[in-house]
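> here is a sequence together with a model predicted from it:
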Amino acid sequence: MVSTLCRFMLACLLLPSIWTAAQAQAVSFPELNSAVPGHQDVTYFDLAKMIVPDLAAGDDGFYKGSAPIEMRDILGGDDGGSPPETINLPNAAVLAIKAGGKDRLTMLFDLGQSQDSAAGFAVLALYDLTGKPKLLDAVNVGTDQSTYFRDPGKLAVSAGDDALIIISTHFNSNQGYVGTILILVRNDRFEPIDQINTFDENVCAYKRTQDLSFQTRGDEKPYAAIKVTMTDATKPSDESCEEPAPNAVSQDISVIYRWDKAGSRYVRNSDAFEKLSAENAKRF
């Protein structure tokens with residue numbers, strides 16, 4: 001009896017250091033003209049107009065406007081897309097988060113892309129709704145044609161902080177390109193942790209997928225370590241093809257991001273994802 005009790009107590013002491021899998025977080029797509037819960041005098045449309053000041057409801061169910069406000073690219077470069085000349089916005093994705101121990105609301109507006117841009121323009125906005133609604137930060141997170149919150153959309157990195165997970169993607173007949181961006185909210189501003197590029201391929205002889213999973217370890221301060229694992233799997237098909245089918249194979253590639261106090265940022269322990277991305281580029 002004593003031995004069993006001791007083992008139970010030891011397990012409880014070890015719990016904080018165990019990697020915890022990310023749980024799916026609900027992303028909603030409310031009508032823009034609906035009220036924000038708990039703020040009946042504020043609509044999502046009011047919040048959207050902080051991003052596109054001349055946004056107005058159209059006759060076709062879309063909201064139309066011109067240029068969004070000025071903002072930086074989340075990755076700090078100038079490779080992001082440009083917004084179209086006319087914005088046609090059906091809705092926006094909404095996700096409540098914790099940042100610095102405070103309740104915050106994030107909204108993701110995929111505004112489309114200009115004719116001369118290969119990537120779309122997607123705005124990630126951060127709001128404080130504790131008093132009069134205030135836009136705290138806005139960044140362009142569009143690195144490909146379509147941009148979404150990933151599932152899960154957020155990842156708890158402390159008791160009062162969530163990291164966000166955004167994906168930008170496009171597909172053709174047999175290939176899928178996905179860029180996943182991990183984002184920390186610190187001092188009410190978005191800070192990139194890393195971008196991870198994956199590549200899926202579905203041809204006659206085989207299907208190859210690269211799927212990501214996320215885990216955190218809560219015993220590290222001020223922010224938990226984040227373990228990202230990519231499962232790179234190839235599955236041969238039963239079809240009769242000109243090319244021979246490869247053998248079935250699957251491998252897990254993991255990178256751990258830890259908070260660097262001196263640099264005030266997350267740093268990764270490996271460049272494995274960058275190497276795989278370079279290998280993927282050869283298969284495009």
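Thanks, I have it. Just so we're clear, the structure is a prediction, and the values are computed from it rather than from any experiment.
> burial measure for residue 61, as a count.
Residue 61: 10 surrounding residues under other C-beta atoms under 10 Å. To be clear about C-beta, it is placed using only N, CA and C from the backbone, and glycine gets the same treatment.
> what confidence value was assigned to it?
Residue 61 is assigned a predicted lDDT (pLDDT) of 84.
> please apply the same query to residue 13.
As summarised for this prediction, residue 13 has a pLDDT of 40.
> what's the answer for residue 29, then?
Per-residue confidence at residue 29 stands at 95 (pLDDT).
> pretty sure it contacts residue 93?
Yes: taking contacts as C-beta atoms under 8 Å, residue 29 lies within contact range of residue 93: 5.9 Å.
> the more surrounded of the two?
Residue environment comparison for residue 29 versus residue 93 gives the larger neighbour count to residue 93, 20 against 12, counting by other C-beta under 10 Å.
> where's the more buried one relative to residue 167, distance?
With the distance defined as C-beta to C-beta, to the nearest Å, residue 93 ends up 12 Å from residue 167.
> show me where the stretch 51-200 of the chain has strands.
Residue ranges of the strands in the stretch 51-200 of the chain, as given by DSSP state E, counting those that start in this stretch, are 56-57, 63-65, 72-73, 87-89, 93-99, 102-110, 122-128, 134-140, 146-158, 161-171, 175-186, 189-202.
> among these, which comes closest to residue 260?
strand 189-202 (11.3 Å; C-beta to C-beta).
> re earlier: quick check: neighbours shared by residue 29 and residue 93?
Contact with both residue 29 and residue 93 is made by no residue, according to C-beta atoms under 8 Å, 6 or more residues apart in numbering.
> before we move on, back to that, now the common contact residues for residue 93 and residue 167.
Applying C-beta under 8 Å, 6+ apart, one finds that residue 93 and residue 167 are jointly contacted by 148-149.
> how near is residue 48 to residue 39?
Relative to residue 39, residue 48 is positioned 14 Å away (C-beta to C-beta).
> who has more neighbours, those two?
A count of neighbours by other C-beta under 10 Å puts residue 48 above the other of residue 48 and residue 39, at 22 against 14.
> contacting residues around the more buried one?
Residue 48 is in contact with 32, 55, 63, 89, 92, 107, 109, counting by C-beta under 8 Å, 6+ apart.
> the third one touches residue 56, doesn't it?
To tie it back to what came earlier, the one meant is residue 63. Yes: the criterion here is C-beta under 8 Å, and residue 63 meets it with residue 56 at 6.8 Å.
> okay, the two: which has more neighbours?
In terms of neighbours (other C-beta under 10 Å), residue 63 is the more surrounded of residue 63 and residue 56; the figures are 22 against 10.
> quickly list what that one is bridged to.
According to DSSP bridges, residue 57, residue 89 are recorded as the beta-bridge partners of residue 63.
> looking only at pLDDT, what's the mean for stretch 132-148?
95.
> mind checking the end-to-end distance for it?
This stretch, stretch 132-148, spans 27 Å end to end (C-alpha to C-alpha, to the nearest Å).
> as a markdown table, the strands of the stretch 51-200 of the chain with distance to residue 246 would be great.
Shown next, in a markdown table, are the strands of the stretch 51-200 of the chain (distance: least, C-beta to C-beta, whole Å):
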| stretch | distance to residue 246 |
| --- | --- |
| strand 56-57 | 52 |
| strand 63-65 | 47 |
| strand 72-73 | 38 |
| strand 87-89 | 43 |
| strand 93-99 | 37 |
| strand 102-110 | 36 |
| strand 122-128 | 35 |
| strand 134-140 | 39 |
| strand 146-158 | 28 |
| strand 161-171 | 22 |
| strand 175-186 | 17 |
| strand 189-202 | 11 |
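> compare those and report which one is nearest to residue 215.
Using C-beta to C-beta and comparing the strands of the stretch 51-200 of the chain, the one that lies nearest residue 215 is strand 146-158, at 8.9 Å.
> that closest one versus strand 161-171: what angle between them?
Here strand 146-158 points in a direction 160 degrees away from that of strand 161-171 (axes from the mean of the first three to the mean of the last three C-alpha atoms, to 10 degrees).
> strand 146-158 pairs with which strands, parallel or anti?
Sheet partners assigned to strand 146-158 using DSSP bridges are listed as strand 161-171 (antiparallel).
> how far does the strand it pairs with sit from its chain's centre?
The gap between where strand 161-171 is centred and where its chain is centred comes out at 1 Å by C-alpha atoms, centre = their mean, to the nearest Å.
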